[in-house]
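S.K.: heads up, no residue letters with this:
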């Protein structure tokens with residue numbers, strides 16, 4: 001005969017002796033929002049929603065402009081020409097990468113906002129019909 005597996009704390013309890021907790025399906029459905037509650041989510045300002053991609057775009061533009069200045073220095077200053085030619089394109093590419101990432105991030109956030117609005121509406125409909 002097989003022995004039932006022991007629990008990590010060493011106590012032996014059979015599956016029949018475990019207590020079952022009753023649950024209300026309707027109330028569980030209404031409270032099972034992933035990130036925010038449907039009823040308590042306050043409207044957020046545009047800055048709260050878009051501040052991260054705006055900062056990434058701003059930093060990307062600044063690094064890109066810095067790379068343009070360094071690259072142009074290699075044309076005007078003969079000393080340290082190799083350093084300018086090496087660092088300038090690196091800053092150009094890094095700035096362009098951040099700029100593109102930030103610009104792509106904005107439509108993704110817009111799409112998520114639309115999906116969240118639809119989800120909140122459907123969640124409130126579920127709560128309305130299941131709580132009757």
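M.R.: Alright, I've got the coordinates. Note that this is a predicted model, so its numbers are computed, not measured. Numbering: from 1, shown residues only.
S.K.: what about residue 112, neighbour count?
M.R.: By other Cβ atoms under 10 Å, the residues close to residue 112 number 12. The way it works is simple: take the backbone N, C-alpha and C, and place the C-beta from them, glycine included.
S.K.: one more: the one 10 residues further on?
M.R.: Residue neighbour count, defined by other Cβ under 10 Å, stands at 11 for residue 122.
S.K.: over to residue 131?
M.R.: Close neighbours of residue 131, defined as other Cβ under 10 Å, add up to 11.
S.K.: then residue 123?
M.R.: The number of residues packed near residue 123 is 17, by other Cβ under 10 Å.
S.K.: the one 5 residues further on too?
M.R.: Close neighbours of residue 128, defined as other Cβ under 10 Å, add up to 10.
S.K.: please apply the same query to residue 121.
M.R.: Close neighbours of residue 121, defined as other Cβ under 10 Å, add up to 11.
S.K.: equivalent analysis for residue 79, please.
M.R.: 7.
S.K.: name the SS class of it, please.
M.R.: Using DSSP: H, G, I helix; E, B strand; the rest coil, the structure places residue 79 in coil.
S.K.: which non-adjacent residue is nearest residue 92?
M.R.: Nearest non-adjacent residue to residue 92, counting by Cβ to Cβ, 6 or more residues apart in numbering: residue 67, 3.6 Å away.
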